[in-house]
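Chemist: only geometry, no sequence info:
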């Protein structure tokens, strides 16, 4: 059994760790509320924009979408990995890295590169993939304008033929304890369902339906990327809060166990000392 000093040192160390994890849990809980409100408020807008685009496209004849819908033979694929800049958030980052590897296996025999958003994904995937971009600072100022620049960069990579397909891989926020890994096709745009009924009502479109659709597509792509990063940002804080909550519970259980061990060891030491004193006294009297 470890001596009393070693046990006391371990109790102090575990208590210190427990204070840190508890503080990180509270910080993540505060940040999660703001991030959750942001993604909850944005989802209806993103869904309505997609619905509007589909409704307009359904009223047009022939293929719509221009270069954004061009289906080329897939030879070069770009995977956009959205992770975090910091760790201590459970399997949040490792799930994305694992999914990137799964997608790489799916596209076996083709050139697969990674566009990293987040330091953890960039560091891990740079060992196995060719990584383009290190947009780690985006989370410091997460605004639509900043994300729009990244979306424009990705769009140009597709339009110029640098890549034949671009996919987003990120954690979708469900609740603080649950994050769902999502793989979404960014470009080319999936074929729009033109069998859908035309938009109801008698509308006058200016300058025209096709022009409006082509103007909405870049906006829709920027919104899709922004929603994915917002989802990932909320998921990160939810995952970190859950991980730190579990770490605090484990530290509490370990500290209680160490205290019990310490008390037993101290009792045994006191009992041993009493026996030695009593034995010494009897020897003197004898």
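Modeler: Cool, got the structure. Bear in mind the structure is a predicted one, so any value in this text is a computation, not a measurement.
Chemist: identify the residues contacting residue 11.
Modeler: Contacts for residue 11 (CB atoms under 8 Å, 6 or more residues apart in numbering) come out as 255, 258-259, 262. Backbone N, C-alpha and C define where each C-beta goes, glycine included.
Chemist: actually residue 90, not the one I wrote
Modeler: With CB under 8 Å, 6+ apart, residue 90 has these contacts: 239-240, 242-243.
Chemist: which residues in the chain form helices?
Modeler: 4-58, 92-106, 119-125, 144-159, 209-285 (DSSP state H).
Chemist: in a markdown table: these, plus distance to residue 170 and mean pLDDT.
Modeler: Formatted as a markdown table, the helices of the chain follow (distance: least, CB to CB, whole Å; pLDDT from 0 to 100):
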| stretch | distance to residue 170 | mean pLDDT |
| --- | --- | --- |
| helix 4-58 | 12 | 89 |
| helix 92-106 | 7 | 96 |
| helix 119-125 | 10 | 93 |
| helix 144-159 | 12 | 94 |
| helix 209-285 | 4 | 91 |
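Chemist: can you lay out the ones you listed as TSV showing distance to residue 173?
Modeler: Formatted as TSV, the helices of the chain follow (distance: least, CB to CB, whole Å):
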stretch	distance to residue 173
helix 4-58	6
helix 92-106	11
helix 119-125	17
helix 144-159	16
helix 209-285	4
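Chemist: quick check: which of those is buried the most?
Modeler: Highest mean neighbour count of the helices of the chain: helix 119-125, a mean of 21 (counted as mean count of other CB atoms under 10 Å).
Chemist: what helices and strands are in contact with that helix?
Modeler: strand 76-82, helix 92-106, strand 111-117, strand 131-134 (3 or more CB pairs under 8 Å, 6 or more residues apart in numbering; DSSP states H and E).
Chemist: at 7 Å instead, please
Modeler: If you count contacts as 3 or more CB pairs under 7 Å, 6 or more residues apart in numbering; DSSP states H and E, helix 119-125 packs onto helix 92-106, strand 111-117, strand 131-134.
Chemist: closest to residue 47 out of the ones you listed?
Modeler: strand 111-117 (22.5 Å; CB to CB).
Chemist: many thanks, have a good one.
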